[in-house]
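Peer 1: Could you look at this predicted model? Sequence included:
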Amino acid sequence: MAEPRPAEMPSLGTGMLQGHQNDDSFTDPSEILEDPRLEEVLGKLDRELVALRGVKNRIREIAALLVIDRLRRSFALEAGPPTLHMCFTGNPGTGKTTVALRMGEILHRLGYVRKGHLVSVTRDDLVGQYVGHTAPKTNEVLKRAMGGVLFIDEAYHIYRVDNERDYGQETVEMLLQVMENRREDIVVILAGYKGHMDRFFNDVPGLSSRIGHHIDFPDYSIEELMEIAHLMAEERNYVFTEDAEKAFEDYLRHRKSQPRFANGRSVRNALDRVRMRQALRVYEMSSKGRNLTKNDLVTIHADDVLKSRVFGGGAYDDEERSVTSR
Amino acid sequence: MRITQGTFSYLPDLTDEEIENQLSYGIAQGWAPSIEFTDDPHPRNVYWEMWGMPMFDIVDAAAALHEVRRCREAFPNHYVRVSLYDPTLGRQTTALQFLVNRPDDEPGFSLDRLETADRRINYTLRPYAARKPHGSRYGG
């Protein structure tokens, strides 16, 4: 955003782009379009996040818009900053928070926000407990987030329409004002489950229309979940044997049909359980006097997966506990 | 009479852009901006009123500038200053302080001479504005 505008600062301008002020004139866009920062950001997003086509496409569009805006500015075509406030909806574990965390960095690299830090808050950080407590509290948070991204998780909690003494209304009003008037200073991202968010938008007229991007995070397919499992295992330096892989896929199929399936989060929890069982197996192996190789330490066998309670037709697996404790 | 207090006070008044630059610099040094206002221009007046809390956790100068503007709007005829506090252990003091708003009309000071024993004279400064009660100075 800090690019000097030729119209104002002719002597410092963008070199060759100047002087071509008539409509058909040709500009060499390569230096802006082939900005290495952009490809780096988008490439990283592609590599590290599985699936989420819609999300990635939207980010690509935003990136393109910001780049083209820079080009346009070199012709002194002003457009003003676009609305980048977003709303992420989707089931648990579909990657809303992960993407939001990346958004700060992405928008910073694209030169849309100045600092690119992310301030992650929930209702407790915004809404006060007594009259006159809410405004300063919300104001503090907004100030902290300026120059970066304000991420409001479970945003539908902010305002409860059935409770008329709820102070959330004040927060919502301040948010609306900031989202409208200070678009160049702050990007607001709301996240929450689809149904809840829809109700929230119904209760707060004018909020939905101030959000430029409503992005829905779909549930993952089994293949995508496997891909996630691979990425996670790789991050933690584990390798599945072929049998273990099949077993894990089976596990996911079972788990997915059970209640409280939380997509990526379930995969992570399952993987953590598998790691524990693997650790126990390896530990017992060594106490029987076998020497351990590095291979033993990194390999996950089918047995480690198959011991899960999900296969026994039991409860929702031992993972239930870890889900609720989050 | 133009009051000169704090850094940059012999320069023309800072524009908002310049203020933001100064704030950016301070924040980058890890200093915390705070805003104060008063209608008592005496140089020894250390009791300025605070405009909100010091901003220890902001990252971007836009937030501080936003508060400067709000303070100015509320007190267009007061002196408003920004202080940048350096919290590093061993320093823990104001690192930079400058005025960001002043009344349109600054009547200045009267110099009082008090004759004491042996023809000695004690001097004291008295702001003309401070003759009116707090809150009704500078036409406010």
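Peer 2: Received the coordinates, thanks. Computed from a predicted structure; not experimentally measured. Numbers count the residues shown, from 1 in each chain, chains lettered A, B, ... in the order given.

Peer 1: Just the C-alphas of stretch A:158-173, formatted as CSV.
Peer 2: Coordinates of each C-alpha in stretch A:158-173 appear next as CSV, following Å, rounded to 0.1, in the frame of the first residue of the first chain:
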residue,chain,number,x,y,z
ILE,A,158,-20.9,-12.1,20.9
TYR,A,159,-24.6,-11.2,20.7
ARG,A,160,-27.5,-13.1,22.2
VAL,A,161,-30.7,-11.7,21.0
ASP,A,162,-32.8,-13.4,23.6
ASN,A,163,-31.0,-11.7,26.5
GLU,A,164,-31.9,-8.0,26.4
ARG,A,165,-29.4,-7.2,29.1
ASP,A,166,-26.6,-8.6,27.1
TYR,A,167,-23.8,-6.1,26.5
GLY,A,168,-22.8,-7.7,23.2
GLN,A,169,-24.9,-5.3,21.2
GLU,A,170,-22.4,-2.5,22.0
THR,A,171,-19.5,-4.6,20.8
VAL,A,172,-21.4,-5.4,17.6
GLU,A,173,-22.1,-1.7,17.0
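
Peer 1: ok, and what's touching it?
Peer 2: A:123, A:126-129, A:131, A:133-135, A:138, A:152, A:157, A:200, A:203-204, A:207 (C-beta atoms under 8 Å, 6 or more residues apart in numbering or on different chains). Any C-beta I mention is one placed from the backbone N, CA and C, and that applies to glycine too.

Peer 1: distance of residue B:107 from residue B:128?
Peer 2: Separation of residue B:107 from residue B:128 (C-beta to C-beta, to the nearest Å): 4 Å.

Peer 1: Strands along the stretch 1-150 of chain A, start to end?
Peer 2: A:86-90, A:118-121, A:149-152 (DSSP state E, counting those that start in this stretch).

Peer 1: Of all those strands, which one comes closest to residue A:217?
Peer 2: Evaluated over the strands of the stretch 1-150 of chain A, closeness to residue A:217 peaks at strand A:86-90, with 2.9 Å, by C-beta to C-beta.

Peer 1: Give me the mean pLDDT for the closest one.
Peer 2: The pLDDT scores in strand A:86-90 average 91.

Peer 1: Check stretch A:211-218 too.
Peer 2: Here the average pLDDT along stretch A:211-218 is 89.

Peer 1: Buried residues in it, which are they?
Peer 2: By neighbour count on 16 or more other C-beta atoms under 10 Å in any protein chain shown, the buried set for stretch A:211-218 is A:211, A:213, A:215, A:217-218.

Peer 1: With stretch A:81-101 instead?
Peer 2: Buried, per 16+ other C-beta under 10 Å, within stretch A:81-101: A:84-97, A:99-100.

Peer 1: what about that stretch, start to end distance?
Peer 2: Using C-alpha to C-alpha, to the nearest Å, the end-to-end distance of stretch A:81-101 comes to 22 Å.

Peer 1: Quick check: residue A:201 touching residue A:209?
Peer 2: No: assessed by C-beta atoms under 8 Å, residue A:201 is found out of contact with residue A:209, at 9.2 Å.

Peer 1: More neighbours: these two, which one.
Peer 2: residue A:201 (20 against 9; other C-beta atoms under 10 Å in any protein chain shown).

Peer 1: What values do phi and psi take at the nearest residue to that one once chain neighbours are set aside?
Peer 2: Spatial nearest neighbour of residue A:201, excluding adjacent residues (C-beta to C-beta, 6 or more residues apart in numbering or on different chains): residue A:208 at 4.2 Å. With angles defined as degrees, to the nearest 10, residue A:208 sits at phi -60, psi -40.

Peer 1: so who does residue A:208 touch?
Peer 2: Contacts of residue A:208 (C-beta under 8 Å, 6+ apart): A:87, A:201, A:214.

Peer 1: cool, residue B:38 as well?
Peer 2: Neighbours of residue B:38 in contact, by C-beta under 8 Å, 6+ apart: B:45, B:47-49, B:78-79.

Peer 1: for residue A:100, same thing?
Peer 2: Per C-beta under 8 Å, 6+ apart, neighbours of residue A:100: A:88, A:118, A:120, A:149, A:151, A:189, A:191.

Peer 1: Most neighbours among those, please name it.
Peer 2: Result: residue A:149 is most packed of the contacts of residue A:100 (other C-beta under 10 Å), 29 neighbours.
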